[in-house]
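# predicted structure and sequence below. I'll ask about it afterward.
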Amino acid sequence: MMLYPAISDLESVTHSRYALVIITAKRARQLLETAEINKTPLTDKPVKLAIQDIAEGRVACSKIDDMQVSAAAE
């Protein structure tokens, strides 16, 4: 079975697989919380909807460099 969208296509949106996992989880939580607040059922599972949003470009990823990480940790 072929998965759509392919992970290689999704990786082009993010800068790593780790970032892809984090962005997908955050978007899925957003979708679930919004559905609960509005009391509307989701058409599919939140993770699947989040992946579709990422593939269609509705979710963006910004890369954080090492300087920003060290400054945030201090």
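Noted; the coordinates are in hand. Numbering: from 1, shown residues only.
# where is the longest helix in the chain?
helix 17-38 (DSSP state H).
# for the helix or strand following that one, buried residues please.
As assigned by DSSP states H and E, the chain's next helix or strand after helix 17-38 is helix 46-55. By neighbour count on 16 or more other Cβ atoms under 10 Å, the buried set for helix 46-55 is 46, 49-51, 53-54. C-betas here are computed from N, CA, C, even on glycine.
# just flag the most distant two among those residues.
Spatially, the most separated pair among the buried residues of helix 46-55 is 46 and 54, at 12.6 Å (Cβ to Cβ).
# picking up where we left off before, make TSV out of the buried residues of helix 46-55 and add distance to residue 9 and pLDDT.
Output for those, formatted as TSV (distance: Cβ to Cβ, whole Å; pLDDT from 0 to 100):
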residue	distance to residue 9	pLDDT
46	20	95
49	17	93
50	15	92
51	10	90
53	14	90
54	10	88
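# using a markdown table, please lay out these together with distance to residue 19.
Converted to a markdown table, the buried residues of helix 46-55 look like this (distance: Cβ to Cβ, whole Å):
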| residue | distance to residue 19 |
| --- | --- |
| 46 | 18 |
| 49 | 19 |
| 50 | 13 |
| 51 | 14 |
| 53 | 15 |
| 54 | 10 |
